[in-house]
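K.L.:
Kindly return the folded structure for what I paste below:
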Amino acid sequence: MENKPIIEFEKVSIFQNQNLILANVSLTIHEGEFVYLIGRTGSGKSSLLKVIYAELPVHDGKAIVSGIDLRDLRKKEVPFLRRKLGIVFQDFQLLMDRSVSDNLLFVMRATGWRDKKEMNKHLFEVLAKVNLETKVHKMPHQLSGGEQQRVGIARALINNPEIILADEPTGNLDPETSEGIISLLFDISKTGRAVLMATHNYTFFEKFPARTLRCENGNILQTN
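P.N.:
Purely as a prediction, here's the structure:
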């Protein structure tokens, strides 16, 4: 039985400041699917991700993310959508003045967690998934780049999202570390979460083959 669609776009135009970035975007991503989003810098990869997490508005077509119609989404409802998403950034975006645990607890408190015992239990469970349970009290500057990105992935997982959006998550990492991050994201997709990863590094494709969407000349093309 095929997993159900979790992201559905049909004939969507994507704008940044009145500039048309991508036209006539139609795509479907299913639960548990890993999908690459490729294209040159400036081709629209990040803009598409911003539409999915409601940083950019949708004015036309059909855009459904995790059962939510983005065209009808009000500003006050955006946090509800984002609790269904986990976002991983190229530059990690950790709070550098807080420990690993405090980075995750900050997100938990901001999204409504209150029970300290439950929070700490969940914190260790998520860090175990990214092999960082021994780094819980470390500060970000005491971690390698790969470890910092694993904290970023743990943060993305903290609210059990249905979708992980990864925007060039290996852009600042060496090849060996990058491979570990891709492997981890693949494992996450096998737990039933959809993973959409924007990248311009095509060296992963042979070892980690997956469906690929290409941003090119203002359109999104499916390449396999």
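K.L.:
This protein: strands as residue ranges?
P.N.:
5-16, 19-30, 34-38, 62-65, 68-69, 85-88, 163-167, 194-199, 211-216, 219-222 (DSSP state E).
K.L.:
Flag the shaky bits of this protein, pLDDT-wise.
P.N.:
Across the chain, the ranges flagged by pLDDT under 70 are 1-2, 224.
K.L.:
Okay, and the beta partners of the spatially most central residue of it?
P.N.:
Central residue of the chain (Cα atoms, centre = their mean): Leu165, 1.6 Å from the mean position. Beta bridges link Leu165 to Ile87, Leu196, judged by DSSP bridges.
K.L.:
For the strands of the chain, state which one has the densest average packing.
P.N.:
Of the strands of the chain, the one with the most neighbours on average (mean count of other Cβ atoms under 10 Å) is strand 194-199, at a mean of 25. (C-beta placed from N, C-alpha, C; glycine too.)
K.L.:
relative to strand 211-216, how tilted is that strand?
P.N.:
Angle, strand 194-199 to strand 211-216, by axes from the mean of the first three to the mean of the last three Cα atoms, to 10 degrees: 40 degrees.
K.L.:
quick one: contacts of strand 194-199?
P.N.:
6-7, 29-38, 45-46, 48-49, 52, 162-171, 182, 185-186, 188-189 (Cβ atoms under 8 Å, 6 or more residues apart in numbering).
K.L.:
cool, stretch 110-125 as well?
P.N.:
79, 83, 101, 104-105, 108, 133, 136, 158-159.
K.L.:
Same question for stretch 214-221.
P.N.:
In this structure, residues lying in contact with stretch 214-221 by Cβ under 8 Å, 6+ apart are 20-27, 37-40, 43-45, 48, 213, 222-223.
K.L.:
Compute the distance between Val65 and Leu81, please.
P.N.:
As for Val65, its distance to Leu81 is 7 Å (criterion: Cβ to Cβ, to the nearest Å).
K.L.:
Over to Val58?
P.N.:
Val58 is 12 Å from Leu81, by Cβ to Cβ.
K.L.:
can you redo the strands of the chain as CSV with distance to Lys121?
P.N.:
Listed next are the strands of the chain as CSV, based on distance: least, Cβ to Cβ, whole Å:
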stretch, distance to Lys121
strand 5-16, 27
strand 19-30, 31
strand 34-38, 28
strand 62-65, 29
strand 68-69, 29
strand 85-88, 19
strand 163-167, 22
strand 194-199, 25
strand 211-216, 36
strand 219-222, 41
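K.L.:
out of these, nearest to Gln148?
P.N.:
Across the strands of the chain, the minimum distance to Gln148, taken as Cβ to Cβ, is reached by strand 85-88, at 11.2 Å.
K.L.:
Report all helices and strands that that closest one contacts.
P.N.:
Counting contacts by 3 or more Cβ pairs under 8 Å, 6 or more residues apart in numbering; DSSP states H and E, strand 85-88 packs against helix 145-157, strand 163-167.
K.L.:
Same list, those, but as CSV with distance to Thr177 please.
P.N.:
As requested, these are arranged in CSV below (distance: least, Cβ to Cβ, whole Å):
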stretch, distance to Thr177
helix 145-157, 4
strand 163-167, 15
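K.L.:
Looking at these, which is nearest to Gln16?
P.N.:
Across these, Gln16 has its closest neighbour in strand 163-167 (15.0 Å, Cβ to Cβ).
K.L.:
Report the spatially nearest residue to Leu49, omitting neighbours in sequence.
P.N.:
Leu165 (5.1 Å; Cβ to Cβ, 6 or more residues apart in numbering).
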